[in-house]
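Novice: Here's my sequence, what's the structure:
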Amino acid sequence: MDNRQAIGSWLSGPRAAAEEMGADFGYRGERLGLPEHGPGSVAPVGRRFGALAIDWALCMLIAYGLFSGGDAQSTGNWALGILLVMNILTVGTVGCTPGKLLLRLRVVSEQGGRLGPGWAVVRSALLCLGVPALIWDRDSRGLHDRLGRAVQIRV
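Specialist: Model (predicted):
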C-alpha cells in the first residue's frame, strides 16, 4: 500500500474503510424506509449546512437591526436566541425554516409525518448547542435530529 492509499482511507473515514472490507450499510435512509434518491430521500449534508447558513444570516440580520442596537458583540447572542425561536416555530408548524424552504428541504418525524411541537423544541435546543449537529449516524442524521426523532428530507 502506498502512502496515498493510506491517507485516502484515513480521510474517507471509518464507513469507507468498513465498506472496503466488505461491510454493506445500504444507502442513507434505508433503515428509515426512505427512498435512495429524489423527493423524500435523506437531505444531503451540503444542502443542510447551506440552509443553516441562510437561517443564521437571517437571524444575524434581524438581531443586528432590531435587538442589538448596533452592538456587534451582542448581535451573536441575540441571533442564537432568534435562531432557537425561529426553529421551534417554523419546524414545529410548517416543517421547515426559511433556509430549508429555499433549498427545498423539510424536517419530518421518523414515522414520516409532521414533527410534533415537543420534538421540535428538543431538536431546536440541541441544534443551538452546536455539538450535536456535528455528530452523525450512518443515515447522516445529526444527534439533534436523532434525539428529536426527526429526519431532514428533500422536497
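Novice: Nearest spatial neighbour of residue 74, chain-adjacent residues omitted?
Specialist: Nearest residue to residue 74, sequence neighbours excluded (Cβ to Cβ, 6 or more residues apart in numbering): residue 68, at 4.5 Å. Yep, even glycine has a C-beta here, placed from its N, CA and C like the rest.
Novice: who are the neighbours in contact with that neighbour?
Specialist: 74-75, 78 (Cβ atoms under 8 Å, 6 or more residues apart in numbering).
Novice: Any chance of these in CSV with secondary structure and pLDDT as columns?
Specialist: What follows is these, written out as CSV (DSSP: H, G, I helix; E, B strand; the rest coil; pLDDT from 0 to 100):
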residue, secondary structure, pLDDT
74, helix, 90
75, helix, 93
78, helix, 94
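Novice: Now do the contacts for residue 50.
Specialist: 99, 103.
Novice: I'd assumed it was in a helix, is it?
Specialist: Yes - assessed with DSSP: H, G, I helix; E, B strand; the rest coil, residue 50 lies in a helix.
Novice: and the nearest residue to residue 135 once chain neighbours are set aside, what is it in contact with?
Specialist: Distance criterion Cβ to Cβ, 6+ apart; nearest residue to residue 135, sequence neighbours excluded, is residue 143 at 4.3 Å. Listed by Cβ under 8 Å, 6+ apart, the contact set of residue 143 reads 126, 131-133, 135-137.
Novice: what about the chain, any weak spots by pLDDT?
Specialist: 1-15 (pLDDT under 70).
Novice: rewinding a little: narrow the contacts of residue 68 to those that are buried.
Specialist: 75, 78 (16 or more other Cβ atoms under 10 Å).
Novice: any chance of the contacts of residue 68 in a markdown table, with distance to residue 20 too?
Specialist: Shown next, in a markdown table, are those (distance: Cβ to Cβ, whole Å):
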| residue | distance to residue 20 |
| --- | --- |
| 74 | 49 |
| 75 | 46 |
| 78 | 47 |
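Novice: closest to residue 151 among the contacts of residue 68?
Specialist: Closest to residue 151 out of the contacts of residue 68 is residue 78 (29.8 Å), distances taken as Cβ to Cβ.
Novice: Any figure for the gap between the closest one and residue 107?
Specialist: Using Cβ to Cβ, to the nearest Å, one gets 24 Å for the distance from residue 78 to residue 107.
Novice: where do the strands sit along this protein?
Specialist: 105-109, 150-154 (DSSP state E).
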